[in-house]
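[1] sequence plus predicted model, see below.
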Amino acid sequence: MRVLVCDDEKLARDRLARLTEAVADTEVVAEAANGREAVTLAQSTRPDVVLLDIRMPDMDGIEAARHMLKLEHPPAVIFCTAYDEHALQAFKVQAVDYLLKPVSREELAVALGRVKSLTRSRLEALEQEVHADGEPGQRRHISARTHRGIELVPVDEIRYFLADQKYVTVKHPGGEVLIDDTLKELEDEFGERFVRIHRNALVAVAWLEGMELANAGHYQVRLKGVEEKLVVSRRHVAGLRKMMARL
């Protein structure tokens, strides 16, 4: 069994790797210090299982698991957590494999012997449960399947989302990628950071530069670092103008 170990604390990561190597027919193929590294390494090493810490900077374990579900061969995931007993009920209810820190060799061996596939619905339900306010956490990255594999785009760098038939184009400084999320899903998740300017477009509030009148009485927006200008539908002009006045 090929295992990827991910924990932002080196001592914890080293210990988990040693315990894993001590389990029969198991090898550690890679180690990651955060969720983003774990997603990248999961693509290149194709582990059977990922031992995934939850609370990590840059990208936490639950978000990393969401991105891994898009891999061609998604690994099974065992969460390693220091959550208290109340929060652990969420893991049990969603039938997700987890190990409570500090992990013991015996518990690890049992968990590796009963690994389950993680589904998107189960992961989303778990995410709702483990957040204290009952709201799912916002992703810090958007993942897209491209010819290079899974590309991760930091949400802070995204200029706009533009819908076209069944896909949504994500514009960022490095170019564009296509994702299969809907605009409605993106608006629900990132509603405070992106504003709808058209039925097919959401733009990043942080990168808004201005709104101007174009030909035929239509308005369009200027975004910092983006040459093209996006059309604002008539129904969104007033709301966008009010929002920009508060910036």
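    Good, I have the coordinates. All values reported here derive from a predicted model rather than from experimental measurement.

[2] residues touching the helix or strand hosting residue 238, excluding its own?
    Assessed by DSSP states H and E, residue 238 sits inside helix 234-246. For helix 234-246, contacts defined as CB atoms under 8 Å, 6 or more residues apart in numbering pick out 195, 196, 197, 198, 205, 208, 210, 211, 219, 221, 232. In this view, the C-beta of every residue, glycine as well, is placed from N, C-alpha and C.

[3] same question, stretch 65-73
    Where contact means CB under 8 Å, 6+ apart, the residues beyond stretch 65-73 that reach it are 35, 38-39, 42-43, 46, 50, 52, 74-75, 77, 79, 118-120, 123, 139, 141, 143, 145, 149-150, 152.

[4] kindly report the same for stretch 200-215.
    156, 158-164, 183, 186-187, 190, 192-197, 219-226, 229-232, 237, 240-241, 243-244, 247.

[5] now it: buried residues?
    Neighbour-count burial for stretch 200-215 flags 200, 201, 202, 203, 204, 207, 208, 211 (criterion: 16 or more other CB atoms under 10 Å).

[6] buried residues in stretch 99-107?
    For stretch 99-107, the neighbour count (16+ other CB under 10 Å) marks 99, 100, 101, 103 as buried.

[7] restrict it to CA atoms and write it as CSV.
    Taking Å, rounded to 0.1, in the frame of the first residue of the first chain, the C-alpha atoms of stretch 99-107 are listed here in CSV:
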residue,chain,number,x,y,z
LEU,A,99,-7.2,9.1,13.4
LEU,A,100,-7.1,11.1,16.7
LYS,A,101,-3.7,12.7,17.5
PRO,A,102,-1.4,11.5,18.8
VAL,A,103,-1.7,8.5,16.5
SER,A,104,-0.8,5.1,17.7
ARG,A,105,0.7,2.3,15.6
GLU,A,106,-2.1,0.0,16.3
GLU,A,107,-4.8,2.5,15.4
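
[8] returning to that earlier point: what's the ChimeraX line that selects buried ones from the contacts of stretch 65-73?
    Here is the ChimeraX selection string for the buried members of the contacts of stretch 65-73, based on 16+ other CB under 10 Å:
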select :35,38,39,42,43,46,50,52,74,75,77,79,118,123,139,141,143,149,150,152
